[in-house]
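Asks: Quick one, fold the following:
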Amino acid sequence: MTDLTSPRPHSARPATLALPDRPFWVALALLAFAVLVRARDFGNPVAHVDEQYYLLVGDRLLHGARLYIDLWDRKPPGLFLLFAGFRLLPGDGFLAYQLVATLCAAATGWLIWLAARRMALAPPSGLAAGAAYILWLPLLSGGSGQSPVFYNLAMTAAAVLTLELPRLAARRASGMIVLSGAVACLLAGVAIQIKYTPLVEGAFFGLAHLWYLWRARGKPATVVAAALLWMVLGLLPTALIVLQYWLKGAAAFDAFWFANFTSITLRRGYPAAKIAGRLAGIGGQLLPLIACAVVAWRKGPQSPAMTLTRIWLAFALIAFAMIGAFFDHYALPLLAPLALAAAPAFAMGRKAILPVFVIGAGLFVFHAATNDPSEGDGIRRMAKVMAAVDGGECPYVFAGDSSLYHLSGGCVPTPYAFPSSLAYEAERGAIGVDERAEVARILARRPPAIVTLDDPFSPWNAETERLMTQALARDYRPVMAVPREGRHELLYVRRDRLVSLPK
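Replies: Modelled structure (predicted):
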C-alpha cells in the first residue's frame with residue numbers, strides 16, 4: 001500500500017504548473033492574493049451589517065458599556081472583545097479589523113496548503129485550494145470581517161493537527177496524540193467564544209483524537225483521562241465567561257444567559273421560499289468546489305487524512321444546518337474543509353484548476369459589480385449631518401447601518417441597536433422586551449435624527465414600523481438619502497433642527 005502520509009519523491013510528481021512550493025513564498029503569494037481580492041472593501045464602514053455592529057459594541061465596551069445590558073446581541077462575548085481589541089489600533093476601526101481579517105484569510109489559506117502538502121498532493125493542488133478559500137470568502141459575504149473569517153483560522157489549525165493523527169497512530173505516539181488533542185480542543189474552545197457553532201466541529205476533532213489514541217493502543221485509563229482533558233479544554237473559555245457573569249450577579253448572568261442561549265429559540269422562522277432561495281444561492285456559489293470535491297472522492301487518491309477531511313466537512317454541514325436561517329455568510333465555515341476536499345481534483349493540473357478559477361473569477365466580478373463599496377462614502381456624509389444636529393441627544397437608527405452611531409460619535413438610545421432587533425418581524429418576541437413599547441420609549445425622547453430604509457431587507461415588524469411612520473410624518477423632515485444595496489437609506493431630522501448638508 002502506498003504511504004500517503006509522507007511527501008512523494010520529486011521524480012514522482014506529475015509535471016504541472018510551476019507555482020511556489022516553499023512555505024514562506026506560498027504564504028507571501030497567498031497574502032498578496034488576499035489583499036488583491038479584499039482591498040476594494042478596505043475602510044468601507046458598511047461592508048456588512050453584522051461586523052459594523054460588532055465594531056460599535058467593541059468600541060462602546062472600551063467606554064464602559066455593559067454587554068447584553070447596555071448593548072444587546074446574541075453572539076458570545078469573545079467576538080465583541082475581539083473587535084474591542086481592533087479599536088485599540090490606529091484609525092476608526094474599520095480598516096484595522098479588515099486588515100486583520102485579511103491576514104487571517106491568508107493564514108487559513110496557508111494552513112490548507114500545508115494540509116494538502118502533508119497529504120502528498122502535487123504542489124499546485126494545495127496552493128489552488130488555499131487560493132480558492134480566499135477567493136470564495138467574498139462570494140459568501142466574507143470579504144471583510146465576518147466572524148468565521150477569524151475563527152476559521154483556529155478551526156483549520158485544529159484540523160491540520162487532526163489530519164496528522166493517522167501518522168501518529170502508526171507510530172503509536174500516544175503522548176503526541178494527547179498533546180495534539182489538547183491543542184486542537186483548546187483552539188476549538190477559543191473559536192466557540194467567537195461563535196457557538198464551532199462546537200460541532202470541535203466535537204469531531206475530539207472524537208477523531210479519541211479514536212486514534214485508542215488505535216495507538218493507549219491504555220484505557222489514558223484514553224479516559226485524555227477525553228476528560230480535551231473536553232475541559234474545549235469548554236474552558238466558555239466556562240470562564242459563564243463564571244465571570246455568574247460572579248457579576250443575577251441581573252448580569254440572566255441577561256447573558258438569555259442573549260446567548262434562550263433568545264435564539266424564540267426567533268421566528270423565515271418563509272420556506274426565502275430559505276429555498278438562500279440555499280440555492282449558496283449551492284450555486286459553491287458548486288465549482290463541490291464538483292471538484294465529488295471528483296476527488298471518486299477518482300482522487302484515498303488516504304485516512306482525506307477521509308478525516310470529508311468527515312470534517314460533514315460536521316461543518318451539520319453546524320451550518322443547525323441555525324436554520326441559511327444566510328450566505330453562515331456557509332463560510334464550509335469553505336476550508338470543502339477547499340481541502342477539492343484539492344485532489346486540483347492535483348489533476350490545468351484541466352481542473354483553470355475552469356474552477358475562471359468560474360470563481362466570473363462570480364467575483366459579478367459580486368463586485370453588484371456590491372458598491374463607495375456606498376460607504378454616503379454613509380460617512382450622513383454621519384456628519386447626524387453629528388451636526390444631535391445637540392447632545394441620541395439619534396436613532398431604526399433600520400439601516402449601525403455604523404452611523406460609531407461614525408457620528410452619537411449616543412445610542414437603546415440596548416437593541418442592531419437595527420433588525422426592533423424593526424423586523426423575524427425578531428418579534430425574541431429579544432426579551434416588548435418591541436413596540438421600546439420604540440415608543442425611544443420616540444418619546446424625540447431623537448434629533450432618525451434613519452430608516454425606503455424598502456426593508458426583511459419584512460417589517462408592523463407595529464414598530466407603524467409607530468415610526470407616524471412619528472416621521474408628524475415631527476421630522478427628510479433631508480438626505482443615500483443608495484444602499486438597491487434601496488435608499490433615509491435620514492430624517494427633527495423639524496426644530498437646522499441642517500447644513502455636506503457636499
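
Asks: how about the strands in this protein?
Replies: For the chain, the strands defined by DSSP state E occupy 396-397, 449-453, 476-484, 487-494.

Asks: For the first one, which strands pair with it and how are they oriented?
Replies: Spelled out, it's strand 396-397. strand 449-453 (parallel) (DSSP bridges).

Asks: still on that earlier bit, any idea which of the strands of the chain gets closest to residue 277?
Replies: strand 487-494 (17.8 Å; C-beta to C-beta). Glycine gets a C-beta too; all of them are placed from N, C-alpha and C.

Asks: Just the CA atoms of the closest one, as CSV, please.
Replies: Written as CSV, here are the backbone C-alpha positions of strand 487-494 (Å, rounded to 0.1, in the frame of the first residue of the first chain):
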residue,chain,number,x,y,z
ARG,A,487,-32.7,50.7,-2.0
HIS,A,488,-32.1,54.0,-0.1
GLU,A,489,-31.2,54.8,3.4
LEU,A,490,-33.1,57.9,4.6
LEU,A,491,-32.1,60.5,7.1
TYR,A,492,-34.9,62.4,8.8
VAL,A,493,-34.1,65.4,11.1
ARG,A,494,-36.5,66.8,13.7
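
Asks: which residues are in contact with it?
Replies: Residues from elsewhere that reach strand 487-494 (C-beta atoms under 8 Å, 6 or more residues apart in numbering): 378-379, 382, 385-386, 389, 400-401, 446-455, 457, 472, 475-483, 499.

Asks: Pull out the buried members of these.
Replies: Listed as buried from the contacts of strand 487-494 are 378-379, 382, 385-386, 389, 400-401, 447-453, 457, 472, 475-476, 479-480, 482; burial here means 16 or more other C-beta atoms under 10 Å.

Asks: hang on, residue 198 packs against residue 151?
Replies: Yes. Assessed by C-beta atoms under 8 Å, residue 198 is found in contact with residue 151 at 5.9 Å.

Asks: okay, and the common contacts of these two?
Replies: 191, 333.

Asks: Tell me where the model's unsure across the stretch 351-500 of the chain.
Replies: Counting by pLDDT under 70, the stretch 351-500 of the chain contains no low-confidence residues.

Asks: burial count for residue 501?
Replies: Applying other C-beta atoms under 10 Å, we find 12 residues neighbouring residue 501.

Asks: do you know how far it is from residue 453?
Replies: Shown here: residue 501 relative to residue 453, a distance of 20 Å by C-beta to C-beta, to the nearest Å.

Asks: can you check residue 119 too?
Replies: 48 Å.

Asks: Could you do residue 258 as well?
Replies: 28 Å.

Asks: Check residue 259 too.
Replies: Counting by C-beta to C-beta, the gap from residue 259 to residue 453 is 25 Å.

Asks: quick one: contacts for residue 151?
Replies: 190, 191, 194, 195, 198, 333.

Asks: can we see that at 7 Å?
Replies: Counting by C-beta atoms under 7 Å, 6 or more residues apart in numbering, residue 151 makes contact with 191, 194, 195, 198.

Asks: The residue lying closest to it once chain neighbours are set aside: how many residues sit nearby?
Replies: Nearest residue to residue 151, sequence neighbours excluded (C-beta to C-beta, 6 or more residues apart in numbering): residue 191, at 3.9 Å. Counted by other C-beta under 10 Å, the residues lying close to residue 191 total 29.

Asks: which residues does residue 191 contact?
Replies: 151, 154, 155, 198.

Asks: okay if I get those residues as CSV plus distance to residue 21 and pLDDT?
Replies: Formatted as CSV, those follow (distance: C-beta to C-beta, whole Å; pLDDT from 0 to 100):
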residue, distance to residue 21, pLDDT
151, 28, 98
154, 25, 98
155, 25, 98
198, 30, 97
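
Asks: Tell me the one of those residues nearest residue 84?
Replies: residue 151 (16.3 Å).

Asks: how close does the closest one sit to residue 267?
Replies: Residue 151 is 22 Å from residue 267, by C-beta to C-beta.

Asks: same deal with residue 377?
Replies: Using C-beta to C-beta, residue 377 is found at 33 Å from residue 267.

Asks: Equivalent analysis for residue 123, please.
Replies: Relative to residue 267, and taking C-beta to C-beta, residue 123 is found at 46 Å.

Asks: Wait, residue 96 touches residue 85, no?
Replies: No. Applying C-beta atoms under 7 Å as the test, residue 96 and residue 85 come out as separate, 9.1 Å apart.

Asks: Would you mind telling me which of these two has the busier surroundings?
Replies: Legend: neighbour count by other C-beta under 10 Å for residue 96 and residue 85, higher for residue 96 (20 against 14).

Asks: Provide a list of residues in contact with that one.
Replies: Contacts of residue 96 (C-beta under 7 Å, 6+ apart): 86, 89.

Asks: What distance do you get for it to residue 90?
Replies: 7 Å.

Asks: Same check on residue 277?
Replies: Applying C-beta to C-beta to residue 277 and residue 90 gives a distance of 41 Å.

Asks: Which of the two has more residues huddled nearby?
Replies: The neighbour count for residue 277 versus residue 90, taken as other C-beta under 10 Å, is higher for residue 277 (13 against 7).

Asks: quick one: pLDDT of that one?
Replies: Predicted confidence (pLDDT) for residue 277: 95.

Asks: for residue 271, same thing?
Replies: 86.

Asks: next one: residue 350
Replies: 73.

Asks: List only buried entries from the contacts of residue 151.
Replies: Looking at these with 16+ other C-beta under 10 Å, the buried ones turn out to be 191, 194, 195, 198.

Asks: Out of these, list just those in helices.
Replies: 191, 198 (DSSP state H).

Asks: Turn the buried ones among the contacts of residue 151 into CSV, columns for distance to residue 171.
Replies: Shown next, in CSV, are the buried ones among the contacts of residue 151 (distance: C-beta to C-beta, whole Å):
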residue, distance to residue 171
191, 28
194, 34
195, 35
198, 29
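
Asks: Residue 59: which of the buried ones among the contacts of residue 151 is nearest?
Replies: Nearest member of those to residue 59, counting by C-beta to C-beta, is residue 194, at 17.7 Å.

Asks: Kindly list the main-chain dihedrals of the closest one?
Replies: Here is the backbone geometry of residue 194 (degrees, to the nearest 10): phi -100, psi -40.

Asks: Just the pLDDT for it.
Replies: Confidence for residue 194, expressed as pLDDT, is 98.

Asks: Who are the contact partners of it?
Replies: Neighbours of residue 194 in contact, by C-beta under 7 Å, 6+ apart: 76, 78, 79, 82, 147, 150, 151.

Asks: let's see 10 Å
Replies: Counting by C-beta atoms under 10 Å, 6 or more residues apart in numbering, residue 194 touches 75-82, 147-148, 150-152, 154-155, 237.

Asks: What of residue 305?
Replies: 4-5, 115-116, 118-120, 160, 162-167, 340.

Asks: can you rerun that using 6 Å?
Replies: If you count contacts by C-beta atoms under 6 Å, 6 or more residues apart in numbering, residue 305 has them with 119, 163, 166.

Asks: State the number of residues packed around the second one.
Replies: Other residues within reach of residue 163 by the criterion other C-beta under 10 Å amount to 25.

Asks: wait, isn't it in contact with residue 115?
Replies: Yes. Residue 163 is within contact range of residue 115, at 5.5 Å (criterion: C-beta atoms under 6 Å).

Asks: Next, the buried residues of stretch 181-201.
Replies: In stretch 181-201, counting by 16+ other C-beta under 10 Å, buried: 181-182, 184-201.

Asks: how long is it end to end?
Replies: With C-alpha to C-alpha, to the nearest Å as the measure, stretch 181-201 spans 13 Å from end to end.

Asks: now swap in stretch 186-206 and tell me
Replies: Stretch 186-206: ends 10 Å apart by C-alpha to C-alpha.

Asks: Going along the chain, name the helices of the stretch 251-400 of the chain.
Replies: Counting by DSSP state H, counting those that start in this stretch, the stretch 251-400 of the chain has helices at residues 263-266, 272-299, 304-323, 335-346, 350-370, 375-389.
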